[in-house]
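Trainee: Got a sequence here, can you model it:
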Amino acid sequence: MPAASLTLKKFLDADGRVIRWPTRKGDRLVGQQLVLEYLITKFEPHRTYTEREINDILRQWHTFEDWTILRREMFERRMLGRTPDGRQYWVVRDESVEPAV
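Mentor: Numbering: from 1, shown residues only. Here you go, the predicted model:
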């Protein structure tokens with residue numbers, strides 16, 4: 001099993017849901033990135049989502065009830081794009097390509 005999978009496992013429950021947001025100094029950088037890369041796989045790459053749909057998916061895949069930090073971090077790390085009004089979101093695969101909205 002790859003080392004990255006072993007590290008991610010410490011943040012997941014038996015059902016594959018994220019159980020905590022990595023905040024400890026040793027876990028923060030790598031752990032947060034691993035968690036976000038895992039969660040972004042729960043979204044379809046060529047689809048646009050409403051904020052509510054993003055929140056609903058994130059709620060399904062974590063247990064600590066803070067989908068807003070997850071959504072914000074995914075946006076700030078350019079994993080999710082969004083319209084200026086925040087009405088539509090999409091998975092960012094190539095930063096030079098915007099979805100057909």
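Trainee: Okay, and the beta partners of V18?
Mentor: Note on V18: beta-bridge partners by DSSP bridges are L12, H62.
Trainee: what's the spacing between it and T83?
Mentor: 26 Å (C-beta to C-beta, to the nearest Å). Bear in mind the C-beta positions are built from the backbone N, C-alpha and C, glycine included.
Trainee: same deal with T68?
Mentor: 18 Å.
Trainee: could you pull out the helices for the chain?
Mentor: With helices called from DSSP state H, the chain shows them at 3-9, 28-40, 51-60, 67-76.
Trainee: Tabulate these (JSON lines), appending mean neighbour count, distance to W90 and mean pLDDT.
Mentor: Converted to JSON lines, the helices of the chain look like this (neighbours: other C-beta atoms under 10 Å; distance: least, C-beta to C-beta, whole Å; pLDDT from 0 to 100):
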{"stretch": "helix 3-9", "mean neighbour count": "12", "distance to W90": "24", "mean pLDDT": "67"}
{"stretch": "helix 28-40", "mean neighbour count": "17", "distance to W90": "11", "mean pLDDT": "94"}
{"stretch": "helix 51-60", "mean neighbour count": "15", "distance to W90": "10", "mean pLDDT": "97"}
{"stretch": "helix 67-76", "mean neighbour count": "16", "distance to W90": "11", "mean pLDDT": "96"}
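Trainee: Compare the ones you listed and give me the one nearest V91.
Mentor: helix 28-40 (6.3 Å; C-beta to C-beta).
Trainee: for the closest one, packing partners?
Mentor: Using 3 or more C-beta pairs under 8 Å, 6 or more residues apart in numbering; DSSP states H and E, the elements in contact with helix 28-40 are helix 3-9, helix 67-76.
Trainee: Let me know the angle separating that helix from helix 67-76.
Mentor: 90 degrees (axes from the mean of the first three to the mean of the last three C-alpha atoms, to 10 degrees).
Trainee: Show me how far helix 28-40 is from its chain's centre.
Mentor: 7 Å (C-alpha atoms, centre = their mean, to the nearest Å).
Trainee: looking at the helices and strands packed on helix 28-40, which is closest to L34?
Mentor: Judging the helices and strands packed on helix 28-40 by C-beta to C-beta, what sits closest to L34 is helix 3-9, at 4.6 Å.
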